[in-house]
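Visitor: Here you go, sequence then predicted model.
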Amino acid sequence: MTPLPTETPSTGVSQHISRLAAFAVSAEARPARLGCLGAALLTIGGLGAGSTRLHDPLLESLHLSWLRFGHGLVLSSILLWAGVAVMLIAWIWLGRRVIDGTATEYTMVATTGFWLAPLLLSVPLFSRDTYSYLAQGALLRDGFDPYV
């Protein structure tokens, strides 16, 4: 008979969360926090300058359709490109740590999570190809060959 583990699944999750929280406030996480800020700027700027429809029902229902035109588009574009610049700086900063060997595997995994979390809420950026792929998938689902 094997002994029961002393660690419950909820304890394991809480340990991961506490380790991530400790990482988030450490000096080791500076590139992760900077990249998270850049990704958040990309996400916010993408609402107006991203590849959304001109009359997007989501933006209209949130009363954010002003971001697609005039000064709103300029502001969105500035936020988007500022996010790209901040992400680039964070990427270079993290790359220097990788080259000099001070970045651990956990640093890389946690940084990836920090950078991806805001982008999971983002609209497609810089390309409308996503919509084309969705349309091709819908054709295939409905029994049509998208290549004919």
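Guide: Everything's here; your move. Numbering: from 1, shown residues only.
Visitor: Closest to the centroid, which residue in this protein?
Guide: The residue lying closest to the centre of the chain (Cα atoms, centre = their mean) is L119, at 1.8 Å.
Visitor: Just give the closest residue to it, not the sequence neighbours.
Guide: Nearest residue to L119 in three dimensions, chain neighbours excluded: A39, at 5.1 Å (Cβ to Cβ, 6 or more residues apart in numbering). Using the backbone N, CA and C atoms, a C-beta is placed for each residue, glycine as well.
Visitor: if I pick the one you found, what's in contact with it?
Guide: 83, 87, 114-119, 122 (Cβ atoms under 8 Å, 6 or more residues apart in numbering).
Visitor: what about this protein, any weak spots by pLDDT?
Guide: 1-10, 52-54 (pLDDT under 70).
Visitor: Check it for its longest helix and report it.
Guide: helix 70-99 (DSSP state H).
Visitor: Just the buried positions in that one, please.
Guide: 72, 75-76, 79-80, 82-84, 86-87, 90-91, 94, 97 (16 or more other Cβ atoms under 10 Å).
Visitor: Make TSV from the residues you listed and add distance to Y131 to it.
Guide: Below are these laid out as TSV (distance: Cβ to Cβ, whole Å):
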residue	distance to Y131
G72	22
L75	24
S76	19
L79	22
L80	19
A82	26
G83	22
V84	22
V86	27
M87	24
A90	29
W91	28
L94	32
R97	38
